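1. Curious how this folds, go ahead:
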Amino acid sequence: MKKTIVLFAALSLSANLNAQNYWKKGMKQGKVILTSQKNNEKFAKKTNAVFTDFPQPKETDVCVFVDPDFKYQKLIGIGGAITDASAEVFAKIPKEKQKEFIEAYYGKSGIDYNVVRTNMNSCDFSSDSYTYVKDNDESLNSFDVKHDEQYKIPLIKLAQKAIDPKDFRFYFSPWSPPAWMKTNNDMLKGGKLLDKYYQVWANYYVKFIQEYEKRNIPVWGLTIQNEPMATQTWESCLYTADEEAKFLKENLGPTLWKNNYEDKKVIIWDHNRDLMYQRATTTLQDPETSKYASGIGYHWYETWNNKSQLFDNLSETHRAFPDKFLIFTEGCKEQFDFSKIYDVSLGELYGRNMINDFNKGTSAWTDWNILLDEKGGPNHVGNFCFAPIIYDSRTKELHYTYEYYYIGHISKYVKPNAQRVGTSTNKDFLLSTSFLNESGELVVVVMNEGDADTDFNLWIEGKSSKLSAPAHSIQTIVL
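-> Predicted structure coming up:
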């Protein structure tokens, strides 16, 4: 007991000694970038943040508190999914606007995405259902990704070309095995993978990796199954936590390692926050299973049977598995309505989720479709949704929604390998997260989702800068 107390005291002393180090570097001011509905400002450069002494705020002072000496998880990256739908819409855009689009997402003057997700076999955001093999080909000798070469692979390669190679993170997810491998003999409407095809399906992932890497697209990782608890009208396949563990331990994990793919990041769950703690603690309880998994993926759609997002499940899961990264693998605003593409609420949905997700331990964040058309598609089952950029094929115009700008207030300024640092606010309508880039830049993001303009103090280790947060705005301060 005495040793424990002494160790705790030593750690506390060390933390206290480190807690006043930031200002020793002499940083006194920083850039302020603002997106605000009020004045229709997008990435607007504002007056610099200038700091003065402010030893002890009062409870009535509106503050965002940042301490760069308390460090947490590192950022893997931020990005979005290149689905069949996104790639098909992109192919319809005039060439000059295609260049604009690629720069907007992946260029240094854009929002600097570095993560790409795609679908293995078809998903709802495909124009039809497809696989890469002929029916009943258990040998997989007919495996061919020719389908993807028309739209998806060319767009993935354009994104890859624009991203720094050391930061490029590409991963894939299956929505369903081929129908003949399933209990319901249908890629749609749920069903399960037949026991006799567990190994064939594991081989399928390896074939996909091989074919994409032959095309010089390095695969960083994969999720085992998109939404394994959802029977959807589109491509879907069900696994219990125990079934997912069995497939990973006995088939997928060993098959990847046998093919020298031990470095591929296998991500479990890939569904909503509501069950993620139960799924992680059940699927990963066996060390022989856990060794094959690198991350735990999740979506934000738990509001289908909850009033709000369940962010606390992230921190509980992160505490239980500190050796596994958390990755947001999908989210979008559903029920597309073209008349609402410029609503600030779209951006606030993203800002609220991203800030809370990172503050609860998330290391990577992936939006859903990077691009959709004026109908919120194409989608072969009528499940039309919003995307950060909408292309209106009628007017040949690209529409940049508030989703794009709110994501960009983090992705444009927080770089891969940045480390999240201690941040809190004393007002429930002010949300904030902060990161230290490897360059030494401190990046603070502040979102005001309230209806009133609010002045606040950005307080860092006894110094403060007085800043303004307009109603329904987000800003990034780079120090």
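2. give me every residue that touches the residue lying closest to residue 333 once chain neighbours are set aside.
-> Leaving aside its sequence neighbours, residue 333 sits nearest to residue 386 (CB to CB, 6 or more residues apart in numbering; 4.1 Å). Heads up, the C-betas are built off the backbone N, CA and C, glycines and all. By CB atoms under 8 Å, 6 or more residues apart in numbering, residue 386 lies in contact with 332-334, 336, 341, 346, 372, 376, 401, 403.
3. quick check, nearest of those to residue 134?
-> residue 372 (31.2 Å; CB to CB).
4. Contact partners for that closest one?
-> 85-86, 89, 125, 336, 384-387, 390-391.
5. try it again with 10 Å
-> For residue 372, the contact set (CB atoms under 10 Å, 6 or more residues apart in numbering) comprises 83, 85-86, 88-89, 125, 332, 336, 378-379, 384-391.
6. does it count as helix, strand or coil?
-> What DSSP: H, G, I helix; E, B strand; the rest coil gives for residue 372 is strand.
7. residues contacting the residue lying closest to residue 311 once chain neighbours are set aside?
-> Leaving aside its chain neighbours, residue 311 sits nearest to residue 356 (4.4 Å; criterion: CB to CB, 6+ apart). Residues near residue 356 by CB under 10 Å, 6+ apart: 300, 309, 311-312, 314-315, 362, 431, 433.
8. Also residue 111?
-> Counted by CB under 10 Å, 6+ apart, residue 111 has contacts 43, 78-80, 103-105, 388, 404-405, 407-413.
9. how far out from the middle of the chain is whichever strand or helix holds residue 255?
-> Using DSSP states H and E, residue 255 maps to helix 253-258. Taking CA atoms, centre = their mean, to the nearest Å, one finds helix 253-258 lying 26 Å from the centre of the chain it belongs to.
10. ok, then the element right after the lowest-mean-pLDDT helix or strand in the chain?
-> Every helix and strand in the chain was compared by mean pLDDT, DSSP states H and E; the lowest is helix 2-18, with a mean of 40. Later in the chain than helix 2-18, the nearest helix or strand by DSSP H and E is strand 29-36.
11. that older thread, show only the entries of the contacts of residue 386 found in strands.
-> residue 372 (DSSP state E).
12. Closest to residue 158 out of the contacts of residue 386?
-> residue 372 (17.6 Å).
13. Tabulate the CA atom coordinates of the helix or strand harbouring residue 280 in PDB.
-> Per DSSP H and E, residue 280 falls inside helix 276-283. Extracted C-alpha coordinates of helix 276-283, given in PDB (Å, rounded to 0.1, in the frame of the first residue of the first chain):
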ATOM      1  CA  MET A 276     -20.100  -1.100 -28.400                       C
ATOM      2  CA  TYR A 277     -19.000  -1.800 -24.800                       C
ATOM      3  CA  GLN A 278     -20.900  -5.100 -24.600                       C
ATOM      4  CA  ARG A 279     -19.600  -6.100 -28.100                       C
ATOM      5  CA  ALA A 280     -16.000  -5.200 -27.200                       C
ATOM      6  CA  THR A 281     -16.000  -6.900 -23.800                       C
ATOM      7  CA  THR A 282     -17.500 -10.100 -25.300                       C
ATOM      8  CA  THR A 283     -15.700 -10.300 -28.600                       C
END
